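# Pasted the sequence and its predicted model underneath.
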Amino acid sequence: MKKVKTILYGAALLLLVNACDSILDREVVLSLTEDDVLTLYNNTQSRAVAIYNYLPSGFRCVDGAMMASASDEAEYTLETSSIQMFNVGSWNAKNNPDGGSWWNNFRGIYLVNHFLANSDNLDLEMYRLNPDDIGHEQYQNRLDNIKRWKYEVRFLRAYFYFELIKRYGGVPVITRPVEIGDSFPRNTLDSCVNFIVKECDDIALGLPIKYTEQENLGRATRGAVLALKSRVLLYAASDLFNSPEKWASDYANKDLISVKTIDRKERWKRAADAAKDVIDLADAGYALSNNYQGIFRSYTDTEIILARRDGASNDFEKANYPVGYDLGNSGNTPSLNLLDDYEMLDGTAFDWSNKNHAANPYKGRDPRLAFTILSNMTKFNGRPVECWTGGRDGKGVPRATKTGQYLLKYIDPELNLLEGRTSVHTWILIRLAEVYLNYIEALNEYQPAHSDIKIYYDKIRRREGIKMPVLPDGLDQDAVRQKIRHERRIELAFEDHRLWDARRWMIAADNEMGKGVLNIPLRGLEILNRGGVPSYRPIEIEKRNFEPKMYLYPIPQGDLDIAGWSQNPLW
């Protein structure tokens with residue numbers, strides 16, 4: 001058996017590929033039965049489907065933790081988890097807790113390129129030469145499917161490249177199988193963005209608007225392609241990729257970390273137009289869900305545009321159930337920083353100096369709070385959660401929450417873990433509410449007075465089960481900007497957006513406006529229970545450290561040394 005050892009860019013990306021075992025590699029075969037051809041065809045499909053496994057799943061990104069625990073959304077209770085390196089600022093080019101994302105995405109890209117280079121090698125002449133109509137129909141159907149699979153994997157490659165550029169800036173853009181001895185420069189960030197956008201433009205019409213067959217649910221659709229384009233263009237228009245002088249003024253290769261200087265409003269317009277294309281895709285059947293909590297326990301909700309469905313398990317529940325429940329380990333515990341940002345039902349800000357607010361910080365709040373955060377005294381899995389000091393889930397119990405709260409979003413609250421009960425989990429990669437938020441954020445920067453800003457802002461907040469106040473009239477552009485950012489923080493909490501939003505808005509590190517949101521202490525609640533009456537007091541639980549160099553990840557040192565690339569700024 002021949003083995004081909006391929007080094008993409010250095011030791012960190014060593015890939016071993018069984019060249020002759022791949023059903024996509026052409027071999028000289030003198031005769032094939034119809035069963036043989038069908039087997040090869042099915043295996044080709046399986047290779048395409050397998051590449052979906054390289055899409056991110058945010059349930060346990062880094063050493064068991066969600067990326068929310070590297071942001072101001074949460075604290076991971078296991079102190080020895082490597083996610084804590086992000087929070088204390090002890091990571092670098094040789095030791096990045098999320099360094100696996102580099103390998104994972106390039107591995108996915110490699111598999112896409114290999115598939116595209118070999119997918120036409122499947123010989124379907126047996127079907128074409130079949131004299132009956134069924135044979136001809138099978139031939140055409142299989143040709144159409146292979147063509148669609150190519151579009152699907154090109155979408156996946158574009159998604160992998162987005163995951164890379166949001167972390168690293170410009171990376172090598174590779175569209176063919178890599179051979180021994182190949183070397184590739186880092187592409188400029190602008191060329192990476194243009195590549196992703198062009199891929200989306202080229203393949204969008206080649207994919208169906210939606211699938212109706214159960215076996216095809218989860219595959220890339222036209223809506224997913226257009227939504228990815230909208231997200232990429234939003235990032236490309238944002239401050240981080242347009243303002244290198246604010247954090248890396250002495251860096252010699254600014255084209256690796258920023259897009260070309262053009263009319264900034266034109267970039268925002270392109271982002272807004274791309275998001276509107278998704279919204280206008282009426283035949284896809286996308287609609288905001290009337291059950292906010294249910295979105296995250298479904299695979300077929302009308303709001304979902306792209307999702308990754310994991311097999312039935314109880315791993316996420318074991319990791320995140322309150323510690324006082326059998327097999328619960330606390331896991332990703334929501335912060336007070338996040339809790340404080342949930343508005344009161346009348347749209348005003350929560351205020352700890354208000355005695356009524358402080359007496360019960362969960363009462364009369366935005367309904368999304370109760371769907372996201374599991375709070376003290378809330379009934380859960382057969383009993384109320386006891387987050388107070390001395391309670392079954394509170395301070396004094398090993399590995400109890402430090403923040404005084406637990407996670408509810410994505411959790412199945414009914415599992416009996418001792419009995420081994422399981423649940424299917426769906427990690428939502430793109431949903432319609434995000435597209436609405438992409439649209440109005442870009443539109444506010446491009447055309448601040450546009451009526452669609454209020455329309456789509458209000459749609460998110462006024463849907464059934466939420467019914468929060470609408471966007472007030474008379475706000476200036478900056479006030480609307482802050483409203484949109486706030487809405488994004490609340491609506492998309494724990495969906496792997498906050499960490500990257502804080503970076504692209506350049507509010508993570510200290511700036512001219514004050515302390516960075518990822519550079520201030522993480523806070524929680526001290527909860528006491530006297531005679532059955534709980535009391536709540538804000539406390540600091542952890543100092544956080546975010547320096548300007550952390551706006552982008554460092555290129556892994558092993559690959560950097562071999563390839564001779566420029567490292568990202570300040571590392």
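Yep, it's here. What you see is a predicted model; the values in this text were computed from it and never measured.
# drop to CA atoms for contacts and neighbour counts, all remaining ones
Noted.
# For the spatially most central residue of the chain, give me the pLDDT.
Nearest residue to the geometric centre of the chain (Cα atoms, centre = their mean): Asp496, 4.6 Å. Asp496 carries a pLDDT score of 99 in this model.
# same check, this time on the one 3 residues further on
We have a pLDDT of 99 for Leu499.
# for the stretch 51-200 of the chain, what spans make up the strands?
74-76 (DSSP state E, counting those that start in this stretch).
# got it, and the stretch 451-571 of the chain?
According to DSSP E, counting those that start in this stretch, the strands that the stretch 451-571 of the chain contains are 522-530, 533-542.
# buried ones in the lengthiest helix in the chain?
Identified as the longest helix of the chain according to DSSP state H is helix 133-168. Across helix 133-168, burial judged by 16 or more other Cα atoms under 10 Å covers 136, 139, 142, 146-168.
# got a list of what the residue nearest to the centre of the chain touches?
Going by Cα atoms under 8 Å, 6 or more residues apart in numbering, Asp496 touches Gly58, Met66, Met67, Ala68.
# separation between it and Ile490?
Between Asp496 and Ile490 the computed distance is 12 Å (Cα to Cα, to the nearest Å).
# same thing with Ala204?
Relative to Ile490, and taking Cα to Cα, Ala204 is found at 30 Å.
# now Arg421
31 Å.
# who's more crowded, these two?
Ile490 (19 against 12; other Cα atoms under 10 Å).
# you'd agree the more buried one is up against Glu343?
No: between Ile490 and Glu343 there is no contact under Cα atoms under 8 Å: 9.3 Å.
# number of nearby residues for the closest residue to Asn314 other than its chain neighbours?
Leaving aside its chain neighbours, Asn314 sits nearest to Thr422 (4.8 Å; criterion: Cα to Cα, 6 or more residues apart in numbering). By other Cα under 10 Å, 18 other residues sit near Thr422.
# Run through the residues that contact Thr422.
Going by Cα under 8 Å, 6+ apart, Thr422 touches Ala312, Ser313, Asn314, Leu415.
# Check what pLDDT the second one gets.
Yep, that's Ser313 we're talking about. We note a pLDDT of 96 for Ser313 in this prediction.
# repeat for Tyr251
Reading off the model, Tyr251 has pLDDT 98.
# go on, Asp283?
78.
# mind listing what the residue nearest to it when sequence neighbours are not counted touches?
Once flanking residues are discounted, Asp283 sits nearest to Ile209: 7.0 Å by Cα to Cα, 6+ apart. Residues near Ile209 by Cα under 8 Å, 6+ apart: Thr221, Arg222, Gly223, Leu281, Asp283, Ala284.
# and those, which are buried?
Buried among those by 16+ other Cα under 10 Å: Thr221, Arg222, Gly223, Ala284.
# can you tell me which of those are in helices?
Arg222, Gly223.
# Quick check: which ranges of the protein have low pLDDT?
Filtered on pLDDT under 70, the chain yields the residue ranges 1-39, 123-136.
# Include distance to Arg503 when you put the buried ones among the contacts of Ile209 into JSON lines, please.
JSON lines is the format used below for the buried ones among the contacts of Ile209 (distance: Cα to Cα, whole Å):
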{"residue": "Thr221", "distance to Arg503": "29"}
{"residue": "Arg222", "distance to Arg503": "28"}
{"residue": "Gly223", "distance to Arg503": "26"}
{"residue": "Ala284", "distance to Arg503": "32"}
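# Out of the buried ones among the contacts of Ile209, which comes closest to Asn529?
Gly223 (50.0 Å; Cα to Cα).
# Is it correct that the closest one is in contact with Ile305?
Yes: contact criterion Cα under 8 Å: Gly223 and Ile305 qualify, at 6.5 Å.
# what's near enough to touch the residue lying closest to Phe241 once chain neighbours are set aside?
Of all residues not flanking Phe241 in the chain, Ser258 sits nearest, at 4.3 Å (Cα to Cα, 6+ apart). Ser258 sits next to Gly169, Leu189, Asp190, Leu240, Phe241, Asn242, Ser243, Pro244 when contact means Cα under 8 Å, 6+ apart.
# give me that answer again for 7 Å
Leu189, Phe241, Asn242, Pro244 (Cα atoms under 7 Å, 6 or more residues apart in numbering).
# Just the closest of these to Ser101, please.
Proximity of these to Ser101 (Cα to Cα) peaks at Leu189, which lies at 18.0 Å.
# Quick check: the closest one touching Pro172?
No: in this structure, Leu189 is not within contact of Pro172 by Cα atoms under 7 Å, at 9.7 Å.
# In terms of neighbours, single out the busier of the two.
Leu189 (25 against 18).
# and that one, how far is that from Cys200?
For Leu189, the distance to Cys200 - Cα to Cα - is 17 Å.
# With Gln293 instead?
For Gln293, the distance to Cys200 - Cα to Cα - is 31 Å.
# What of Arg462?
Using Cα to Cα, we find Arg462 at a distance of 32 Å from Cys200.
# got it, and Asn568?
Taking Cα to Cα, one finds Asn568 at 27 Å from Cys200.
# the more surrounded of Arg462 and Cys200?
Shown here are Arg462 and Cys200; by other Cα under 10 Å, Cys200 has more neighbours (24 against 15).
# Surely the more buried one and Gly223 touch.
No: contact criterion Cα under 7 Å: Cys200 and Gly223 do not qualify, at 10.4 Å.
# Export the strands of the stretch 451-571 of the chain as a markdown table, with columns for mean neighbour count and distance to Ser335.
Putting the strands of the stretch 451-571 of the chain into a markdown table (neighbours: other Cα atoms under 10 Å; distance: least, Cα to Cα, whole Å) gives the following:
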| stretch | mean neighbour count | distance to Ser335 |
| --- | --- | --- |
| strand 522-530 | 20 | 6 |
| strand 533-542 | 15 | 9 |
